[in-house]
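> Task: produce atomic coordinates for the following.
(2 chains)
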Protein chains: 2
Amino acid sequence: MNELREKVLTLDTMNLCVRRVEYAVRGPIVLRALELEQELRQGVKKPFTEVVRANIGDAQAMGQKPITFLRQVLALCVHPDLLKSPDFPADAKRRAERILQACGGHSLGAYSVSSGIQLIREDVARYIQRRDGGIPADPNNIFLSTGASDAIVTVLKLLVSGEGRTRTGVLIPIPQYPLYSAALAELNAVQVDYYLDEQRAWALDVAELRRALHQARDHCRPRALCIINPGNPTGQVQTRECIEAVIRFAFEERLFLMADEVYQDNVYAEGSQFHSFKKVLMEMGPPYAAQQELASFHSISKGYMGECGFRGGYVEVVNMDAAVQQQMQKLISVRLCPPLPGQVLLHVAVSPPEPSDPSFAQFQAERQVVLAQLAAKAKLTEQVFNEAPGIRCNPVQGAMYSFPCMQLPPRAVQRAQELGLAPDMFFCMSLLEETGICVVPGSGFGQREGTYHFRMTILPPMEKLRPLLEKLSQFHTKFTREYS
Amino acid sequence: MNELREKVLTLDTMNLCVRRVEYAVRGPIVLRALELEQELRQGVKKPFTEVVRANIGDAQAMGQKPITFLRQVLALCVHPDLLKSPDFPADAKRRAERILQACGGHSLGAYSVSSGIQLIREDVARYIQRRDGGIPADPNNIFLSTGASDAIVTVLKLLVSGEGRTRTGVLIPIPQYPLYSAALAELNAVQVDYYLDEQRAWALDVAELRRALHQARDHCRPRALCIINPGNPTGQVQTRECIEAVIRFAFEERLFLMADEVYQDNVYAEGSQFHSFKKVLMEMGPPYAAQQELASFHSISKGYMGECGFRGGYVEVVNMDAAVQQQMQKLISVRLCPPLPGQVLLHVAVSPPEPSDPSFAQFQAERQVVLAQLAAKAKLTEQVFNEAPGIRCNPVQGAMYSFPCMQLPPRAVQRAQELGLAPDMFFCMSLLEETGICVVPGSGFGQREGTYHFRMTILPPMEKLRPLLEKLSQFHTKFTREYS
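Coordinates of the predicted model:
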């Protein structure tokens, strides 16, 4: 009886859908980066002195300072004794008092209703209405969430059904943010790839949507279309015309639209402008405006806030069937509520100080500094990469990433195959080992067969970014020479 | 083209597993309570002046004050400018500095690793080791989570597989906390009920476990056994002998053990003591200690903390297959990380001030007040209910709820059936409409056919609790008379 026996839960007996999940942004390359950091701390000699984590859109980890007013309001809510302190501005105190009034027992320690504090849902509705030039938003259609990821998975859960050839198919862009592929794998839905056009700055082409859809209809039932705008990892910002065409397509083909708009504040390129799917949909009028189903997602993790660690976000649903919306309400109630601190930060992000408020000037100044720096970094990234032989980088119109295409010599591809690695994974691993720069291979996001990319955030501080970009470019040249 | 057409996502086309989900703790009765509160605010006349939400274990919503030291440390982490303030004790500042050092960019705004800040996982391991009389705990086996619910669902996800008669079955107690039934429905696993013995103060009987298991083997593949100790909604605290017997049973029958121990600090009855499954398992020695797979869950929402709104918790896995544990790591990485504020509060809860620390005396005093009041409320609840004719209440040995059995006259049962309601739902709805007291019907947790219960928290403030209990008892008498 004492000998070891097989475990109950093993790779063979576990959930196969979970086994199929992949998430490159925190995958093997990041685990190796953590090991290297540990080795550096233990004094192991390396050809670099620090690991630079350019793998994930984590602004504050790269040195971005939090916006003071957000943290002031939250600190007051966490520890209301501070409401007596002279060190906090009056408008921060007013905010905190208003939020605490809306909390059970006037405390962030109480659960909120599952869709979030009513007051904050109303703030979000006003924000959307202002953003969309006065088009109304209904607080009852807004569900706060534990980061945008949580809300995206909730909506996908509602959509998934069927077996075999009737399984739900969901169209996602390639390259994509791998939350989508991971969630679809876990839910046993069919991932339907449509390719963005790298030659036209990652534009979305309706002909390609149509191709992907019609091909998918042979083996599954496509029912939803996901859009990421501004694009992650690709950084493109969609034109109004493109969005209209997508909406027309979704309407004609009977697809539920999911618009991942978490980078709506992150638009840098001249001539580019963020258009929300909601606004464009409403302005298109009948038959679209009153019928096309849409869910739009937003987050406090990106924008100028960068408050990833607090896990706050929301989804607005538009034209959702009322009974389904009740089911959604029920589903989220099982997990009780999104974390209250994230709700508080969302409140401030959607209703920033007004010009008459004491905190207005500082808030605006801090916000502008962050956004101006991001814009400068986006430009610098494109420029340095495009000066490098064998690397081609589309303009970073928005979001927080570059996704350059690189040439890899056939011998490097062959060597990677011998090692059982995707060629771009082989490149990124070599880069990490030699330079300490951690970026994510394009294969983790999807790319056209035979092309190679990597995703690098534009977040390192300005003074570090140029040397980093140059180091990476030089490494690519050296790597190419080594395998030529 | 302008007429309304069928939506893409309807009750008929949506995920049927999600449709089957039920969660009574925030179900129809609570929605009605919210409406009543709204009506009261609008000046509608009711036979009561306030709605008392005794439906959910939300201590701070019922007036419990947060522990000062927890909030001080968190406020310092949220807004590090406060580290210069003379109004915070030195030990709170030391804690905050130590935590911020362990955060990316020294900020709570950065993501942590997906299993939580390493430092805090080490704190949790030390806490478990202390709690379990020195039996070691490995930080690598600890995963922080977004409340205990999140971790419970993660482990269930790993376990679920198969189709038809090979579907995973999971044994859960009846009555149960409905997160379990909801998660199993959503994951399309088979819920296997074992009944707690109400006549023996909700004791768990291995013969009943065996009956449930053997019956279930006809139609599914039972692979896990869930235990809630102290019990929710039933309040019993398991004896060491019982836990040993359960472990032996799980080992013999090859079941993965899930121990929901979120009420481990909430034990009130004389002679009752909390024994962790981990400790008992380890002390049983071979063959159990090195082989039986176990996951144990804890939370900051209960205990003396009651910090529900921050969504913090953890799971410790024991004897889990290493490759499966890697899969778990990968799965949680898709959702990035648990909210940092919840991680910070967990840190304090598992490593409270030491006797030499300036905050020790106040912390201990606040903690004792909360626990002593809960103990007094547990006793009062049992006593008042047992004085009422037609109500019988087991001792509330632990946790935060009473789950009394009540007699309902046949005419009330008949009337409920006419209304399409479970009889105890009919009672609870009538109670809410006439008294404003919101409790959850036993049918939401499961109960033996033909018996009727409700779950009521013991959380209302002492001065309100006695009148509430008496009002409820009197309403039951009146209700019984009305339908006799």
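> drop to CA atoms for contacts and neighbour counts, all remaining ones
Noted.
> Report the rounded mean pLDDT for whichever strand or helix holds A:A375.
Using DSSP states H and E, A:A375 sits within helix A:360-387. The average pLDDT within helix A:360-387 is 97.
> go on, stretch A:170-190?
The average pLDDT within stretch A:170-190 is 96.
> is chain B contacted by that stretch?
Yes - judged by CA under 8 Å from any CA of the partner chain, stretch A:170-190 comes into contact with chain B through A:L179, A:A182.
> Using PDB, list the CA coordinates for that stretch.
Extracted C-alpha coordinates of stretch A:170-190, given in PDB (Å, rounded to 0.1, in the frame of the first residue of the first chain):
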ATOM      1  CA  VAL A 170     -15.700  33.200 -33.300                       C
ATOM      2  CA  LEU A 171     -13.800  35.400 -35.800                       C
ATOM      3  CA  ILE A 172     -10.700  36.900 -34.400                       C
ATOM      4  CA  PRO A 173      -8.000  39.000 -36.100                       C
ATOM      5  CA  ILE A 174      -4.600  37.500 -36.900                       C
ATOM      6  CA  PRO A 175      -2.400  38.700 -35.300                       C
ATOM      7  CA  GLN A 176      -4.600  38.800 -32.200                       C
ATOM      8  CA  TYR A 177      -4.200  39.400 -28.500                       C
ATOM      9  CA  PRO A 178      -4.000  35.700 -27.200                       C
ATOM     10  CA  LEU A 179      -6.700  36.100 -24.500                       C
ATOM     11  CA  TYR A 180      -9.000  35.400 -27.400                       C
ATOM     12  CA  SER A 181      -7.400  32.200 -28.600                       C
ATOM     13  CA  ALA A 182      -7.000  31.100 -25.000                       C
ATOM     14  CA  ALA A 183     -10.600  31.700 -24.000                       C
ATOM     15  CA  LEU A 184     -11.900  30.000 -27.100                       C
ATOM     16  CA  ALA A 185      -9.700  27.000 -26.500                       C
ATOM     17  CA  GLU A 186     -10.900  26.800 -22.900                       C
ATOM     18  CA  LEU A 187     -14.600  27.100 -23.900                       C
ATOM     19  CA  ASN A 188     -14.200  24.600 -26.700                       C
ATOM     20  CA  ALA A 189     -15.300  27.100 -29.400                       C
ATOM     21  CA  VAL A 190     -13.900  27.300 -32.900                       C
END
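> Pull the distance from it to the chain's centre.
On the basis of CA atoms, centre = their mean, to the nearest Å, stretch A:170-190 sits 13 Å off its chain's mean C-alpha point.
> Could you do stretch A:168-184 as well?
12 Å.
> what does stretch A:185-198 give?
Taking CA atoms, centre = their mean, the mean C-alpha location of stretch A:185-198 is offset from the chain mean by 16 Å.
> Tell me where chain A has strands.
Here chain A has its strands, by DSSP state E, at A:52-53, A:142-145, A:168-174, A:190-195, A:221-228, A:256-260, A:294-299, A:313-318, A:391-392, A:401-402, A:405-406, A:437-438, A:440-441, A:452-457.
> would you list those in CSV and tack on mean neighbour count and distance to B:L465?
Shown next, in CSV, are the strands of chain A (neighbours: other CA atoms under 10 Å in any protein chain shown; distance: least, CA to CA, whole Å):
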stretch, mean neighbour count, distance to B:L465
strand A:52-53, 20, 54
strand A:142-145, 27, 33
strand A:168-174, 25, 51
strand A:190-195, 22, 53
strand A:221-228, 24, 50
strand A:256-260, 25, 47
strand A:294-299, 26, 41
strand A:313-318, 26, 37
strand A:391-392, 19, 70
strand A:401-402, 27, 56
strand A:405-406, 20, 67
strand A:437-438, 24, 58
strand A:440-441, 27, 57
strand A:452-457, 26, 56
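> Adding distance to A:M425, write those strands out as a markdown table.
Listed next are the strands of chain A as a markdown table, based on distance: least, CA to CA, whole Å:
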| stretch | distance to A:M425 |
| --- | --- |
| strand A:52-53 | 16 |
| strand A:142-145 | 33 |
| strand A:168-174 | 17 |
| strand A:190-195 | 21 |
| strand A:221-228 | 24 |
| strand A:256-260 | 27 |
| strand A:294-299 | 29 |
| strand A:313-318 | 32 |
| strand A:391-392 | 16 |
| strand A:401-402 | 17 |
| strand A:405-406 | 12 |
| strand A:437-438 | 11 |
| strand A:440-441 | 5 |
| strand A:452-457 | 9 |
